[in-house]
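J.: could you look at this predicted model? Sequence included:
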Amino acid sequence: MQPGLQNEAMKVAILAGGQGTRMGSLTKQIPKPMVDIGGRPILCHVIKHYVDYGFRDFVIALGHLGSCIREYFEGPDAIETGCRIQLVDTGSETATGGRIKRLASALGDEPFMLTWGDGLADVDLDELLAFHRTHGRLATVTAVQPPSRFGHLHLQDERVVSFAEKPQRGGVWINGAFFVLEPEVFDYIADDSTPFERQPMERLAADQQLMAYRHPGFWQCMDTVSEWEGLKRLWSLGQAPWVTTPSSVRQDDALLTTTSPASNALAAKRRVLPRQERVLVTGHDGYVGHILVPMLLEAGYDVCGLDSLLYKDCLFCPTQCEVPNIQKDIRDVTVGDLRGFDAVIHLAGLSNDPLGDLDSQLTFQINYQATIDLAVAAKAAGVNRFLQASTCSIYGASDDNWLTESSAFHPVTPYGVAKARVEPELLELADDQFSPTLLRFATAYGVSPRLRGDLVVNNLVGYAMTTGKILLKSDGQAWRPLVHVEDMSRALLATLQAPRQRVHCEAYNVGSTSENYSVRQIAEQIGMALPEAKIAFADNAESDRRNYRVNCDKFARVLPEGRPRWSLQRGIQELIAAYRETGLTLQMLESTQVQRLAKIRSLLDVGALSPKLRWKTAHNSQLYVDRVALRTQRAA
C-alpha cells in the first residue's frame, strides 16, 4: 500500500484550547489557533500539513473561545475540508495532559498523531510515523533545535533519557510536538491539571518509553506577536517552509498534492474573523517611533511606517522597529499611500524648537501644512482614526498657574505656532467617518534606539556624566511637564485602543501632573543621582520665555490604561545606565548621532539634502550613509 494512503485511517489530535495570553489583543476575541496567516487560521495550516500526507481524521481539543473554532468548522458557513473533524470541548482551564486524556474516547484504542494548533514545521510525517513503528515504544516526540524556550530532551542515540521542561540554555534538542502516541499513554496522565510536558513525558522517559525523531528542518511555534509576524512574513514572501511535498507524494502523483480539491478547500476559504487593524505610523524611524512600533506589534496591530529616513544611521542601541515602510517625505503623501489603513498615528515633522527655528517657513510647511494635507488625504482614503502628536509647547509663554486642555495658546517658537495652528483645522475635518484625537505631549525624555541628546533631561544627564557639570543653558526658572518616551507610546496605544466615542475630537495633555519641574529642579534631581556633578550655567544663559505648568489629569481619568508609569528619578537612572553601557563621551553627546539640528546641518553641508530638506536624489540617503562610513574608516 502506498505510504500516504495508510494514514487515512489514523487519527490526528490537535490541541487548540490554550489562552494565548502573550498574543495581546489578537486573542481577546478569537483563540490563538484562529489567528490569521495568509488569509486563513494557523490551525488550517496545521491541518493542511497533515492532509498533504494523507491524514483525513482529525480530533480537535477546544478550550478558550472554542465556539469560534466550532463555528468555523460546523457553523452555517462552515469550511469544507474534505476531512472528518470531531470537535471536543476540553474546558477552558484544562492543562495539555488533561485535554489529551479527555480525547481518549474519540481517539479509541489505536495509535494516533498529536500536535498543537499553533506550531508549524516541515516535518516529514511519513518518516516520523515509520520511525515510530520501528522502535516499539509508547511515544515518539519530534525533537527540534530552535532557541531554548521549550522542554529539553536528553538523548542517547534516539532514546529520550530524561525530559526537563523549558531550561534556560541554548543549543539543545527541544520538544517540538508532532507526536506519535500509543493509547497506553493515557495511563500516564493523572487528571485535568496535568501538563503533558511535565510528569507524563518525564515518566515516559524514565520508563524508556519515549523516543525522539530528530528533525533538523524548519519549526516555529507562534507564542508571541513577533513570532506571528515572522510566520506572516515568510508566507507573504512565498517562502513558507511548512508548505511541503511529502515523500509519498513524490513517489506517486495519484496521492493528494497541495493542489488537490481537499487541500485547496483549506487554502481558498476566507472566513470573516475579527480583522487585524492596519496602522500607519508617520515618522516611525524617529525617537518615539522606535518605542511605539514594537508596542503596537505586541498589541496585535498590522503596522506600516512612513518616513524620509533622515536619521537612518543614528542608532544609539539595538532596535526592534522593523516593519514594512514607505520611504517618502510627509509633504508628498497621496491618498493612494493611505488606502487600506484603519488609523494614522502622525509623529513625523521637525521635532523640536531649535530644529524648527532653522527655517520658520519650512517648519510651517512640514509641521502645519503637510499635517493638514495628510489628514485630508487620510479622510479621503477612508482612514477612520487620526492621532495627532501635538505638544504642550503650544501653551508657550504662560505664567506659573496650572494649564488645562482649555487654556489659551501662547506659542513662542515656529514649532509651537505650527502645532497650535494644526489643531482647530484638524478638528474641522471630523465627521462620522473620520475621528481625530489630539495628544499634547509634555517634554519627552528617556532612552530610545533613536536617542535624542537635545532633550533637556537626556542632555543634562549626558553633560553631567561626560563633563561633571549639569550645564543649564537658561536661568532654570521655567516650568516643564515631563513624559517618558515609553509613556508617550503607551498613551498613543491606549488612545488607539479606546472606543471611538471616548476620544473623538478630544485633546489631552499627556504626562503626569506630578511630573512638572522647573529646569533648575530637574538639574537638582540629576545632582542627587550623580553627586559628583555640579550645576553650572552656560555663558549665554538667560531666562526662557517658554514656561508652562500643565495639568494632565484628564487623560489619566479618561484613559487610565494609558496612565504614565515613569518618574523623573527612575528615568534619570535609566539614562545613567544606558550612557554607561554605551560608553557615552562628550563628543558622542554633541555629535550628529544624537543631535537632530547638527544632523540636519551635516546633511546640508555634504549636499545630501536640498535647502528644503529633501533628498537630492532617490539614492542620496544611502549615499550619505556610505560617505559617513568612508570618512570614519579614513579617520581610523
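T.: Received the coordinates, thanks. Residues are numbered from 1 along each chain as shown.
J.: residue contacts, His484?
T.: 444-446, 564-566, 571 (Cβ atoms under 8 Å, 6 or more residues apart in numbering). Heads up, the C-betas are built off the backbone N, CA and C, glycines and all.
J.: quick check: bridge partners of it?
T.: Bridge pairing for His484 (DSSP bridges) gives the partners Tyr445.
J.: now for the contacts of His484: which two are most distant?
T.: Within the contacts of His484, two members stand farthest from each other by Cβ to Cβ: Ala444 and Arg565, at 14.8 Å.
J.: if you count residues, where's the longest strand of this structure?
T.: Scanning the chain for the longest strand, with DSSP state E as the assignment, gives strand 534-542.
J.: against which helices or strands is the helix or strand following it packed?
T.: Using DSSP states H and E, the helix or strand that follows strand 534-542 in sequence is strand 547-550. Here strand 547-550 touches strand 397-403, strand 479-484, going by 3 or more Cβ pairs under 8 Å, 6 or more residues apart in numbering; DSSP states H and E.
J.: so which of the ones you listed gets nearest Phe434?
T.: strand 479-484 (26.9 Å).
J.: okay, angle between that closest one and strand 397-403 too, please.
T.: Going by axes from the mean of the first three to the mean of the last three Cα atoms, to 10 degrees, strand 479-484 is angled at 60 degrees with respect to strand 397-403.
J.: and the angle for the next helix or strand after strand 479-484 with strand 479-484?
T.: Following strand 479-484 in sequence order, the next helix or strand is helix 485-497 (DSSP H and E). Going by the same axes, to 10 degrees, helix 485-497 is angled at 80 degrees with respect to strand 479-484.
J.: average pLDDT across helix 485-497?
T.: Helix 485-497 shows a mean pLDDT of 96.
J.: neighbours of the closest residue to Leu338 other than its chain neighbours, just the number please.
T.: Spatially, and ignoring its direct neighbours in sequence, Leu338 is nearest to Ala381 (3.8 Å; Cβ to Cβ, 6 or more residues apart in numbering). Neighbour count of Ala381, defined by other Cβ atoms under 10 Å: 18.
J.: my guess is Ala381 meets Ala343, correct?
T.: No. Shown here, Ala381 and Ala343 do not form a contact pair, counting by Cβ atoms under 8 Å, at 11.5 Å.
J.: quickly find the element holding Val88.
T.: Element membership for Val88, per DSSP H and E: strand 84-89.
J.: more neighbours, Ala444 and Arg565?
T.: Ranked by neighbour count (other Cβ under 10 Å), Ala444 and Arg565 place Ala444 first, with 23 against 11.
J.: the stretch 251-400 of the chain: helices as residue ranges?
T.: Along the stretch 251-400 of the chain, counting by DSSP state H, counting those that start in this stretch, helices occupy 261-268, 289-298, 335-338, 353-357, 360-363, 370-380.
J.: least reliable of those helices by average pLDDT, please.
T.: helix 261-268 (a mean of 38).
J.: mean confidence for stretch 218-232?
T.: 87.
J.: give me the residues contacting it.
T.: 22-24, 26, 32, 35, 37-38, 42, 116, 118-123, 142, 144, 146, 149-150, 176, 240-242, 297-300, 320.
J.: related to what we said a few turns ago, which neighbours in the sheet does the strand holding Val88 have, and how are they oriented?
T.: Going by DSSP bridges, the partners of strand 84-89 are strand 57-62 (parallel).
J.: if we can go back for a sec, neighbouring strands for the longest strand of the chain, and are they parallel or not?
T.: Partners of strand 534-542 in its sheet, by DSSP bridges: strand 469-474 (parallel).
J.: gap between the strand it pairs with and the chain center?
T.: The chain centre lies 37 Å from the centre of strand 469-474; the measure is Cα atoms, centre = their mean, to the nearest Å.
J.: and it, which residues are buried?
T.: 469-474 (16 or more other Cβ atoms under 10 Å).
J.: mind listing what's buried along the longest strand of the chain?
T.: 535, 537.
J.: wait, Ala375 touches Leu426, no?
T.: Yes. Here Ala375 lies in contact with Leu426, judged by Cβ under 8 Å, at a distance of 5.5 Å.
J.: between these two, which contacts overlap?
T.: Shared contacts of Ala375 and Leu426 (Cβ under 8 Å, 6+ apart): 386, 388, 436.
J.: secondary structure class for the last one?
T.: By that I understand Pro436. Look at Pro436: counting by DSSP: H, G, I helix; E, B strand; the rest coil, its state is strand.
J.: got the CA positions of the longest strand of the chain in PDB?
T.: What follows is strand 534-542 as a C-alpha-only set of coordinates in PDB (Å, rounded to 0.1, in the frame of the first residue of the first chain):
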ATOM      1  CA  LYS A 534      27.800  70.200  39.900                       C
ATOM      2  CA  ILE A 535      25.200  72.600  38.500                       C
ATOM      3  CA  ALA A 536      26.600  75.200  36.100                       C
ATOM      4  CA  PHE A 537      25.300  77.800  33.800                       C
ATOM      5  CA  ALA A 538      26.300  78.400  30.200                       C
ATOM      6  CA  ASP A 539      27.900  81.800  29.500                       C
ATOM      7  CA  ASN A 540      24.800  82.900  27.500                       C
ATOM      8  CA  ALA A 541      22.300  81.600  29.900                       C
ATOM      9  CA  GLU A 542      19.200  83.700  30.200                       C
END
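J.: let me see the ranges of the strands in the stretch 201-350 of the chain.
T.: Secondary structure of the stretch 201-350 of the chain, counting by DSSP state E, counting those that start in this stretch: strands at 210-214, 219-221, 278-282, 302-307, 325-327, 343-346.
J.: which neighbouring elements make contact with the fifth one?
T.: Meaning strand 325-327. Counting by 3+ Cβ pairs under 8 Å, 6+ apart, strand 325-327 packs on strand 302-307.
J.: would you turn the helices and strands packed on strand 547-550 into a markdown table with distance to Ser602?
T.: Below are the helices and strands packed on strand 547-550 laid out as a markdown table (distance: least, Cβ to Cβ, whole Å):
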| stretch | distance to Ser602 |
| --- | --- |
| strand 397-403 | 32 |
| strand 479-484 | 28 |
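J.: tell me which of those sits most buried.
T.: Highest mean neighbour count of the helices and strands packed on strand 547-550: strand 479-484, a mean of 25 (counted as mean count of other Cβ atoms under 10 Å).
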